[in-house]
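Student: just coords:
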């Protein structure tokens, strides 16, 4: 018996909604706890002080920050190039394997779904397909 894609997607949505409700309930309980609120306030003050110190250090080391930004952009670009090449090779039927520093690497592909539009009122829904 084959599992219908729409059914699995609906179950995922249902679980996400239940998880969201449970997390919100826990958050409300935490916020109502005096000790939690006191510690959270102290944490925010420390975070603010830490942020000020970080900003000062970064402004004193602007060359290093520029280098980090440049390298991060290059890394992202190279990762995209590697992914594009691997996908092209796998579509053309090639076996993909990279050997580097004594290790063998193989690509890991995943599928993600994004909302593209709202379904029409006339449409019978996802399960009708």
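Tutor: Looks like it arrived, so ask away. All of these numbers come straight from a predicted model, not from anything done at the bench.
Student: wait, is residue 108 part of a strand?
Tutor: No: when classified by DSSP: H, G, I helix; E, B strand; the rest coil, residue 108 is found to be coil rather than part of a strand.
Student: from here on, count from 4
Tutor: From this message on, residue numbering opens at 4, which makes the last subject residue 111.
Student: what's around it, how many residues?
Tutor: Other residues within reach of residue 111, judged by other CB atoms under 10 Å, total 6. The C-beta positions use only the backbone N, C-alpha and C, and glycine is treated the same way.
Student: Residue 90 now?
Tutor: Neighbouring residues of residue 90 were enumerated by other CB under 10 Å; the total is 13.
Student: distance of it from residue 116?
Tutor: To residue 116, residue 90 is 18 Å away according to CB to CB, to the nearest Å.
Student: Likewise for residue 26?
Tutor: Taking CB to CB as the measure, residue 26 falls 22 Å from residue 116.
Student: of those two, who's got more company?
Tutor: Neighbour count, other CB under 10 Å: between residue 26 and residue 116, residue 26 has more, with 10 against 7.
Student: any idea how far residue 48 is from the more buried one?
Tutor: Where residue 48 is concerned, residue 26 sits at a distance of 25 Å (CB to CB).
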